[in-house]
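Student: Just need the structure, nothing else, for what follows:
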Amino acid sequence: MEVVVRGDDVAGAAAAVRQELSAVDAACNRFRPDSELSVVNADASGRPTAVSPVFARYLAAALAMAEATDGLVDPTLGRALRQLGYDDDIATVRATQRPVSAPVSGSGTGWVASRRADWRDVAIDERTDSPGAWLHLPAGVELDLGATAKALAADRAAEAAHRATGRAVLVSLGGDLAMAGSGNEPWLVGVSETAETDPAAADQVLAGDGGLATSTTLARRWTTAQGGFHHLLDPITGLPVREYWRTVTVSAESCLQANAASTAAVVLGRGAAGWLTDRELSARLVRDDGLVVTTPGWPATDHTVAVA
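Tutor: As a prediction, this is how the structure comes out:
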């Protein structure tokens, strides 16, 4: 994580961020055996399960983003990810080359994995007897909140740090940014696939309160005995999406909305630029061949093609 504060209370801001990250890690970390998410996934019985207020909040956000993207972002892909070999920290997965265990069958256009349910089959009911909620998850379904939990954590951490310090705060969790308390002084952010090695290639974006998030097929990749995979899955097939866009960055009112939209754009493929434009979301999309396309509101540069 990175925490940037306009002022001198960096320690107070960092403490507020760590508190939120500790809570979401205990609730939603798919690679932590004792997390609530891991316990829920291990049960897979279909019986109602009592969950904490933190878990309920983060799952509710995931379901809201699934609805907002018409299912392009779906939190019920945990089983598919695990069966494709992504069942641990990505460095460990790369080092071990897990075999693919997903039930796949040949089709005329490629491989198709079986799906048992989707986000519409998941429900959360508030408990009346104690804090938290009842989770209703179909038997055999496993959750993964990778497309939303980190982004919501950034939003909540930035707000918490701003309340704790009274200062403008920027929080970056793995490159997903949330800003709070910016006022009339937006942050200058460089956006590029090669920003670290070639800063001059970055688009310069002025970002006020809200979120800026990136989804890419380049970072979380691994090799199995059956070939190479990445972590962004097609909710219909349960398999990695065809890489029409390799990287999408979106600016939105929150990091949660930005990350859901950027993930949905990668999944959607060819029609993503129009989809983002219709929703009045400023974005930068990098096609598989390296062509950079931007939607209205994104700064024009010499190396981008704007969407009409």
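
Student: How is the nearest residue to Val93 once chain neighbours are set aside assigned, secondary-structure-wise?
Tutor: Leaving out its chain neighbours, the residue that sits closest to Val93 by CB to CB, 6 or more residues apart in numbering is Trp222, at 4.7 Å. From N, CA and C alone the C-beta is placed, and that goes for glycine too. Using DSSP: H, G, I helix; E, B strand; the rest coil, the structure places Trp222 in strand.

Student: Any buried residues in the lengthiest helix in the chain, and which?
Tutor: As assigned by DSSP state H, the longest helix anywhere in the chain is helix 10-28. Across helix 10-28, burial judged by 16 or more other CB atoms under 10 Å covers Gly12, Ala13, Ala14, Ala16, Val17, Glu20, Leu21, Ala23, Val24, Ala26, Ala27, Cys28.

Student: Could you report the separation of Asp129 from Ala180?
Tutor: Distance of Asp129 to Ala180, computed by CB to CB, to the nearest Å: 35 Å.

Student: okay, the two: which has more neighbours?
Tutor: Using other CB atoms under 10 Å as the criterion, Asp129 and Ala180 rank with Ala180 on top: 22 against 6.

Student: Identify the residues contacting the more buried one.
Tutor: By CB atoms under 8 Å, 6 or more residues apart in numbering, the contact list for Ala180 reads Ala158, Glu159, Ala161, His162, Ala168, Val169, Asp209.

Student: Mean pLDDT per helix and strand in this structure: which one sits at the bottom?
Tutor: Lowest on mean pLDDT, DSSP states H and E among the helices and strands of the chain sits strand 104-107, with a mean of 44.

Student: all helices of this protein, in order?
Tutor: Ranges of helices in the chain, per DSSP H, are 10-28, 36-43, 53-68, 78-83, 90-96, 149-165, 255-268, 272-278.

Student: Val250 bridge partners, please.
Tutor: Here Val250 sits in beta bridges with Ala213, Ala283, going by DSSP bridges.

Student: number of nearby residues for it?
Tutor: 28.

Student: In contact with the residue of the chain positioned farthest from its centre, which residues are there?
Tutor: Relative to the centre of the chain, and counting by CA atoms, centre = their mean, the farthest-placed residue is Asp129 at 32.5 Å. If you count contacts by CB under 8 Å, 6+ apart, Asp129 has none.

Student: how about it, phi and psi?
Tutor: phi -90, psi -20 (degrees, to the nearest 10).

Student: Distance check, it against Ala27.
Tutor: Plainly put, Asp129 is 20 Å away from Ala27 if you go by CB to CB.

Student: hey, which of the helices of the chain is tucked in deepest?
Tutor: Counting by mean count of other CB atoms under 10 Å, helix 255-268 has the highest mean neighbour count of the helices of the chain, with a mean of 28.
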